[in-house]
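Engineer: Build me a model:
(2 chains)
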Amino acid sequence: MAEDSFREEIAELVTAAVSGKLDKNKISALIETPQQEFGDYAFPCFALAKAFKKSPYQIASELADKIKPTESITKVEAKGPYVNFFADTGKIAAATIARIMDEKNNYGSGKNKNKKVVIEYPSPNTNKPLHLGHVRNMLLGQSLSRILSFSGCKVFQVNLNNDRGIHICKAMLAYKLFGRNKNPEKKPDHFVGDFYVLYGKKAAENPELEIRVQEMLQGWEKGDKETIRLWKKINSWALEGFKETYKTFGIEFDRVYNESGHYLEGKKIVLEAYKKGLLKKDDKGNILAELKKYGMPDKVLLRADGTSIYITQDINLAKLKYNDFRMDKSIYVVGSEQVLHFRQLFKILQLLKIYGGELYHLAHGMVYLPEGKMKSREGKVVDADNLVEEMISIADKEIKKRYKNLSRAEIKKRSMQIGIGSIRFFVLKYDPLKDFVFNPEESISFEGETGPYVQYAHARICSVLEKHGGKVSGNADFNLLKEKEERFLIRLLSQFPATAEAAANNYKPLLIARYLLDLSQAFNNFYHQYPILKADEETKKARLLLIAAVKQVLKNGLNLLAIEAPERM
RNA sequence: GGACUCGUAGCUCAGCUUGGACAGAGCGAAAGCCUUCUAGCGAAAGAAAGCUUUAGGUCCAGGGUUCGAAACAAAGCGAAAAUCCCUGCGGGUCCGCCA
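Structural biologist: You can find the predicted model right below:
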């Protein structure tokens, strides 16, 4: 019996009792899990008040009288406007644990069969290293990919390199003037970034540089050989550096697009659409999409002189992606300052019939430093690579404080798991939309609501199971798990599939992070209070199975956040 | 001027989709825990990526809406919102022929 068959059974009981005043699906959706002491399931009677013309309090007590306990539902009682149901402890535990042990890594996965999703992130500019803003973007994109894929979708991760334009030329020019043709003596994207910052400084002193940058851009667009050679060099350095950072985070793309390779194609689409009468020209001759009737400002898509702007290439990219993947859904992970841009883009894609599937902009808030907004032009950033390094070194210190005799390799492995896990969790536990103040000294600790806290719960269980040595038996008397803490754990375990589904439907890794905190906390609480290995033989069997199930679910959840679940730490 | 978004303990945040049973965590503050499977060659001691308790809230402000008790009609009375609606105040973002 699957654990949600309890819900199913209750829905049937209620449906029969209300004699058709409300259909079963609606009833099933209304069933909730109340605070523990009230019962295992609850049905609120507010929705019935109108049909019965009675107060919900009265309806609840009448329903409670009418519904008789069954084999698995042991008690039905009214409390205020709710009907509360108590399930058989042993049965509910057995159902939940059996399912987890049976489905293992798939427990909680969904059946969104064959739905194809393309998710685009982090789409960096190739003139500077990735910073904390990109980290947030990447971790969100990566986690969401895993969550959707777990829910049954076929997910394709793609990246767009914004590898052309004035910002690249700035780094190029500074290198040309001051770089003395050197090769990078550091991580190459950082090397490039230094010149971008240097340009900012020099241009402030010498405005003439701005003109030279413009000339360089024109040279690039005309295909000037020397400029192109320089561009290739700078660009490949940046990309080489990114590659390393992606590797650190375990990010791999199914396809990488380069703006330079396709940005001209967008023009054709726009011109064609104009011919069909889908777009208008303004009095200056710019081609624009009329969006006022959709509550947005109009958007120019092609300048009067025929040159394209940023959104032009976005339109083309949408087409390329569709040709490549034929996806049902297209997700863009981009900062919330571009909300309007994407609302416009999505509407335009619809109007021009370029992409008819579902579109979603996963917008995330800005990242601030305690001193204010990050400014990469001034080099005022928390750099992604340094951040990782710093976190790993903190983890390294913490490990060395606790263990004296670990091999260097083991320390390195653990500090990677813990350091990176801690960044991931820190970023993912907040609502993506909210702005984010990052204080390098204070923001990250290993105590409280953190990745290591969850990892530690997992490692603890592993260690108990290892100490136990033998196999965890497949059978036990689950009626023995009747402590409040045990019942609470089981309830949480049974809620994981619904949580994973909600995370996928609402694009919210946050839900997984909060769930993991709850589960870890519930486990620690239980662990602290009750012996496992020293319990009597039968109880021990049941508890071992319980914690093995907790371990499995912690692992599955961490995996959705792309955080490793260490066996020891 | 317009659009979007946020406002919940000293601080950082969940909860708002689908209103409803005492508004939840973490940090910080105060006090405790030797239960332990973590750690440890062992003892004492200590320690805890751990646990418990306490203090801390007009959920920004104001207004609105909202189940009902004897058939129908009219009138009157009428409890309920962090969550829904409106207004205001405060923060952030956007409104480019930049990306």
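
Engineer: from here on, contacts and neighbour counts on C-alpha atoms
Structural biologist: Will do.

Engineer: Pull up the gap between residue A:187 and residue A:159, please.
Structural biologist: Separation of residue A:187 from residue A:159 (C-alpha to C-alpha, to the nearest Å): 21 Å.

Engineer: Revised request: answer the last question for residue A:244.
Structural biologist: For residue A:244 relative to residue A:159 (C-alpha to C-alpha), the value is 15 Å.

Engineer: Those two: who's more crowded?
Structural biologist: residue A:159 (19 against 16; other C-alpha atoms under 10 Å).

Engineer: so that one, which of the three states?
Structural biologist: Under DSSP: H, G, I helix; E, B strand; the rest coil, the three-state class of residue A:159 is strand.

Engineer: OK, contacts around it?
Structural biologist: A:120-123, A:253, A:255-257 (C-alpha atoms under 8 Å, 6 or more residues apart in numbering).

Engineer: which one of these sits closest to residue A:100?
Structural biologist: residue A:253 (31.0 Å; C-alpha to C-alpha).

Engineer: got the contact list for the closest one?
Structural biologist: Counted by C-alpha under 8 Å, 6+ apart, residue A:253 has contacts A:156-159.

Engineer: Ok, residue A:42 next?
Structural biologist: A:31-34, A:82-85.

Engineer: try it again with 10 Å
Structural biologist: A:7, A:10, A:30-35, A:76-79, A:82-86 (C-alpha atoms under 10 Å, 6 or more residues apart in numbering).

Engineer: Buried subset of the contacts of residue A:159, written for ChimeraX?
Structural biologist: A single ChimeraX command selects the buried members of the contacts of residue A:159 (16 or more other C-alpha atoms under 10 Å):
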select /A:120,121,122,123,257
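
Engineer: tell me, which of the contacts of residue A:159 make contact with RNA strand B?
Structural biologist: The subset of the contacts of residue A:159 within reach of RNA strand B, by C-alpha under 7 Å from any atom of the strand, is empty.

Engineer: Tell me the one among the contacts of residue A:159 nearest to RNA strand B.
Structural biologist: The nearest member of the contacts of residue A:159 to RNA strand B, counting by C-alpha to the nearest atom of the strand, is residue A:123 at 9.2 Å.

Engineer: How about the closest one: what's its closest non-neighbour residue?
Structural biologist: residue A:160 (4.5 Å; C-alpha to C-alpha, 6 or more residues apart in numbering).

Engineer: Any idea how many residues pack against that neighbour?
Structural biologist: 18.

Engineer: now swap in the one 10 residues further on and tell me
Structural biologist: Residues within reach of residue A:170, counting by other C-alpha under 10 Å, total 26.

Engineer: Please apply the same query to residue A:471.
Structural biologist: Neighbours of residue A:471 using other C-alpha under 10 Å come to 9.

Engineer: Would you mind naming the helix or strand containing residue A:342?
Structural biologist: Residue A:342 is part of helix A:339-351 when elements are defined by DSSP states H and E.

Engineer: Kindly report the same for residue A:43.
Structural biologist: strand A:41-44.

Engineer: And the helix or strand that comes right after that strand, what's buried?
Structural biologist: Using DSSP H and E, the next helix or strand after strand A:41-44 towards the C-terminus is helix A:49-52. Under the neighbour-count criterion of 16+ other C-alpha under 10 Å, helix A:49-52 has residue A:49 buried.

Engineer: show me the contacts for residue A:393.
Structural biologist: A:387, A:399, A:412, A:415-416, A:419.

Engineer: Find the least confident helix or strand in chain A, judged by mean pLDDT.
Structural biologist: Within chain A, confidence by mean pLDDT, DSSP states H and E is lowest for strand A:372-373 among all helices and strands, at a mean of 64.

Engineer: near RNA strand B, which residues of the stretch 101-250 of chain A?
Structural biologist: A:125, A:162, A:164-166.

Engineer: Out of those residues, the closest to residue A:512 would be?
Structural biologist: residue A:125 (30.6 Å).

Engineer: The closest one contacts residue A:161, correct?
Structural biologist: Yes: Residue A:125 lies in contact with residue A:161 (C-alpha atoms under 10 Å); the separation is 6.3 Å.

Engineer: what do the two both touch?
Structural biologist: A:235, A:239, A:259.

Engineer: Look up how far residue A:194 lies from the residue nearest to residue A:219 when sequence neighbours are not counted.
Structural biologist: Using C-alpha to C-alpha, 6+ apart and skipping residues adjacent in sequence, the residue nearest residue A:219 is residue A:227, 6.5 Å away. Residue A:227 sits at a distance of 19 Å from residue A:194 (criterion: C-alpha to C-alpha).

Engineer: And residue A:293, by the same measure?
Structural biologist: Computed as C-alpha to C-alpha, the residue A:293 to residue A:194 distance reads 45 Å.

Engineer: who's more crowded, the two?
Structural biologist: residue A:194 (20 against 8).

Engineer: Strands of chain A, residue ranges please.
Structural biologist: For chain A, the strands defined by DSSP state E cover A:41-44, A:73-79, A:82-87, A:116-120, A:154-161, A:255-258, A:280-281, A:287-289, A:299-302, A:329-335, A:358-364, A:367-369, A:372-373, A:436-437.

Engineer: Make a markdown table from those and add distance to residue A:528 to it.
Structural biologist: A markdown table is the format used below for those (distance: least, C-alpha to C-alpha, whole Å):
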| stretch | distance to residue A:528 |
| --- | --- |
| strand A:41-44 | 27 |
| strand A:73-79 | 30 |
| strand A:82-87 | 26 |
| strand A:116-120 | 42 |
| strand A:154-161 | 41 |
| strand A:255-258 | 48 |
| strand A:280-281 | 70 |
| strand A:287-289 | 63 |
| strand A:299-302 | 61 |
| strand A:329-335 | 41 |
| strand A:358-364 | 38 |
| strand A:367-369 | 38 |
| strand A:372-373 | 43 |
| strand A:436-437 | 34 |
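
Engineer: just for chain A, where's the confidence low?
Structural biologist: Residues of chain A that meet the criterion pLDDT under 70 lie in A:1-4, A:20, A:370-380, A:440-443, A:470.

Engineer: Could you rerun that using 80?
Structural biologist: When residues are selected by pLDDT under 80, those of chain A lie in A:1-5, A:18-23, A:35-37, A:49-55, A:112-114, A:368-381, A:404-405, A:436-444, A:469-474.

Engineer: show me what contacts the nearest residue to residue A:561 once chain neighbours are set aside?
Structural biologist: Closest residue to residue A:561 apart from its sequence neighbours, by C-alpha to C-alpha, 6+ apart: residue A:143 at 4.8 Å. Residue A:143 makes contact with A:149, A:424, A:428, A:507-510, A:512, A:558-563, according to C-alpha under 10 Å, 6+ apart.

Engineer: where's residue A:143 relative to residue A:250, distance?
Structural biologist: Taking C-alpha to C-alpha, one finds residue A:143 at 11 Å from residue A:250.

Engineer: do the same with residue A:111
Structural biologist: 26 Å.

Engineer: Which one's more surrounded, these two?
Structural biologist: residue A:111 (13 against 10).

Engineer: which ones are touching residue A:62?
Structural biologist: A:17-18, A:56, A:77-78, A:83.
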